[in-house]
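Q: please find the sequence and the predicted model below.
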Amino acid sequence: MAKIITAAEAAALVKDNDVVAFAPDSLAGFPNEVAFAIRDRFLKEGHPADITTIRAAGMGTFSDDEFGEGCFCVDGLLKCSISSYIAICKRLARHVEENRVQAYMFPMGPLHQLFRAV
């Protein structure tokens, strides 16, 4: 049965070392409010720490803002990013270049097939 919860309630479900999957295409379908709530909870409580995100398409605005995966670019929050494309999020790309976040890149097609299979 479907249940509607707030962004803060959704953020509270994410625990340290969890893998969080997103299925957006750029920012279309990306739950910014939930992402901000996860980040805000981390800044307030220190949890969830060391999360891994996985998505097939990039999440960002081609700028250095906090939208998309950019909001997770706080030291200690995001441990690993799995995607087909990170250049859309300059903040994430910079964190990867500086070895502050692990990143794994796979072709978009297999990642979409993974989401379909799950």
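A: It's in. Numbers count the residues shown, from 1 in each chain.
Q: can we go C-alpha only for contacts and neighbour counts from here?
A: Fine.
Q: ranges for the helices of the protein?
A: For the chain, the helices defined by DSSP state H occupy 7-12, 32-45, 90-97, 108-117.
Q: so how far is the longest one from its chain's centroid?
A: In this view, helix 32-45 has its centroid 11 Å away from the chain centroid, taken as CA atoms, centre = their mean, to the nearest Å.
Q: quick check: mean pLDDT across that helix?
A: Averaging pLDDT along helix 32-45 yields 95.
Q: buried ones in that helix?
A: Neighbour counts over helix 32-45 (16 or more other CA atoms under 10 Å) mark Asn32, Val34, Ala35, Phe36, Ala37, Ile38, Arg39, Asp40, Arg41, Phe42 as buried.
Q: list of residues touching that helix?
A: The contact list for helix 32-45 (CA atoms under 8 Å, 6 or more residues apart in numbering) reads 7-8, 10-12, 14, 47-49, 67-69, 71-72, 74, 77.
Q: now these: which count as buried?
A: Buried by 16+ other CA under 10 Å: 7-8, 11, 14, 47-49, 67-69, 71-72, 74, 77, out of the contacts of helix 32-45.
Q: make TSV out of the residues you listed and add distance to Lys90.
A: As requested, the buried ones among the contacts of helix 32-45 are exported to TSV (distance: CA to CA, whole Å):
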residue	distance to Lys90
Ala7	25
Ala8	26
Ala11	24
Val14	25
His47	24
Pro48	23
Ala49	22
Phe67	10
Gly68	10
Glu69	10
Cys71	11
Phe72	12
Val74	14
Leu77	17
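Q: from those residues, pick the one nearest Ala93.
A: Among these, Glu69 lies closest to Ala93 (CA to CA), at 10.1 Å.
Q: run a quick neighbour tally on the nearest residue to that closest one once chain neighbours are set aside.
A: When the adjacent residues along the chain are set aside, Glu69 lies closest to Met59, with 5.8 Å between them (CA to CA, 6 or more residues apart in numbering). For Met59, the tally of surrounding residues (other CA atoms under 10 Å) stands at 27.
Q: my guess is Met59 meets Phe72, correct?
A: No: if you go by CA atoms under 8 Å, Met59 and Phe72 don't touch, sitting 11.2 Å apart.
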